[in-house]
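# coords please:
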Amino acid sequence: MFSPSTKKLGDWVPAVYGFIIALSFISFIGVWNMKRWGVEMYIAVFFCKQLFFLFTNQMDMSAIIGIVFSLWFIITFVFFYKRMSLNL
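Coordinates of the predicted model:
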C-alpha cells in the first residue's frame, strides 16, 4: 500500500487500496466468528479488489496466485455458510 510503485499510480490509489485491505480484514473477523456477513463481505471485497487491479493495470502473476487462493477460500466458506449465524 505504501510502496513507491503504488504511489506513482495516483494520489487516490493508496487510499482506495488501504480501504480494500481494511474491508478484507473486517470480513475475516466475520468469518472467524462464523457470521454470514463475513462471507458475503469477503466475496464483495474479492470482486472489488479484482476491479481495482484491472483499472490500475496491476494484473500480474502474484495477482493470479491471489485469485486462486481467494477462490479456494470462497469455496471453503460456502461449505460452512449454512452453519453460520445470521446475527451480527
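# What segments of the protein are helices?
For the chain, the helices defined by DSSP state H cover 4-9, 13-32, 36-55, 61-79.
# would you list those helices in TSV and tack on mean pLDDT?
Shown next, in TSV, are the helices of the chain (pLDDT from 0 to 100):
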stretch	mean pLDDT
helix 4-9	66
helix 13-32	91
helix 36-55	92
helix 61-79	90
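# In JSON lines: the ones you listed, plus distance to residue 88.
Placement of C-beta: from N, CA and C, glycine included. JSON lines is the format used below for the helices of the chain (distance: least, Cβ to Cβ, whole Å):
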{"stretch": "helix 4-9", "distance to residue 88": "33"}
{"stretch": "helix 13-32", "distance to residue 88": "9"}
{"stretch": "helix 36-55", "distance to residue 88": "7"}
{"stretch": "helix 61-79", "distance to residue 88": "18"}
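# Dump these to JSON lines, plus distance to residue 85 and mean neighbour count.
Listed next are the helices of the chain as JSON lines, based on distance: least, Cβ to Cβ, whole Å; neighbours: other Cβ atoms under 10 Å:
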{"stretch": "helix 4-9", "distance to residue 85": "37", "mean neighbour count": "10"}
{"stretch": "helix 13-32", "distance to residue 85": "10", "mean neighbour count": "15"}
{"stretch": "helix 36-55", "distance to residue 85": "7", "mean neighbour count": "16"}
{"stretch": "helix 61-79", "distance to residue 85": "14", "mean neighbour count": "12"}
